[in-house]
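> Structure here, sequence nowhere to be found:
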């Protein structure tokens, strides 16, 4: 990931996490809806021959309609990883329905999500052909498809939690992340 992209990502995350307004909504049925924002870091698992798995960085946000059901949107990009004397990077964004199951009398929960994600993988490799001429091959793969994931989380308090997830986000990409989110 380029320095400017990292700086913009850090500024966006900082801006989102600085929100302190109480935005919870009571629906009169004993449940309170609650929005949240978070950041995550992890690793893409690319099914691209010759490619190293790039480090992933992302932001996400969502809304819990009740303690169990919600919606979530995310964007995850990567740094450049090795690909046949060149580099490869990946990015994905998606929208999901989420379900959380809280283990009774604990702050632990399981999380499942199902939705649609668009994933793009770009790479280039440099080599010299049989005549010694420098060549560059480019590879690009993009798809939009059904995506989902499973994870576990821990509610540190009523407004802050941490999660670890494994997501299938594309036909050639899986994503393993840990993240933290802030409810407001």
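Happy to help now that I have it. The structure displayed is predicted, hence computed values, not measured ones. Residues are numbered from 1 along each chain as shown.

> Which secondary structure element is home to the residue nearest in space to the middle of the chain?
In the chain, the centroid-proximal residue (Cα atoms, centre = their mean) is residue 76; its distance is 4.3 Å. Residue 76 is part of strand 69-78 when elements are defined by DSSP states H and E.

> so where do the strands sit in the protein?
25-26, 32-46, 55-64, 69-78, 81-83, 86-102, 108-128, 134-155, 160-170, 173-183 (DSSP state E).

> wait, what's in contact with residue 47?
Taking Cβ atoms under 8 Å, 6 or more residues apart in numbering as the criterion, residue 47 is in contact with 171-173. Bear in mind the C-beta positions are built from the backbone N, C-alpha and C, glycine included.

> Give the ChimeraX command for selecting the buried subset of these.
A single ChimeraX command selects the buried members of the contacts of residue 47 (16 or more other Cβ atoms under 10 Å):
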select :172,173
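
> of the contacts of residue 47, closest to residue 103?
Nearest to residue 103 among these, counting by Cβ to Cβ, is residue 173 at 30.3 Å.

> so how far is residue 107 from that closest one?
Per Cβ to Cβ, to the nearest Å, residue 173 is found 31 Å from residue 107.

> before we move on, back to that, would you check that the residue nearest to the centre of the chain makes contact with residue 118?
No. Contact criterion Cβ atoms under 8 Å: residue 76 and residue 118 do not qualify, at 11.3 Å.

> Give me the common contacts of the two.
Taking Cβ under 8 Å, 6+ apart as the criterion, residue 76 and residue 118 both touch 92-93.

> about what we covered before: leaving out sequence neighbours, find the closest residue to the residue nearest to the centre of the chain.
Using Cβ to Cβ, 6 or more residues apart in numbering and skipping residues adjacent in sequence, the residue nearest residue 76 is residue 58, 3.3 Å away.

> residues in contact with the one you found?
So residue 58 contacts 39-41, 74-77, 177, 179 (Cβ under 8 Å, 6+ apart).

> repeat that for 7 Å
40, 74-77, 177 (Cβ atoms under 7 Å, 6 or more residues apart in numbering).

> Likewise for residue 150?
112, 166.

> separation between it and residue 163?
11 Å.

> try residue 154
Distance of residue 154 to residue 163, computed by Cβ to Cβ: 8 Å.

> Neighbour count for the two, which is higher?
More crowded of residue 154 and residue 163, by other Cβ atoms under 10 Å: residue 163, with 20 against 13.
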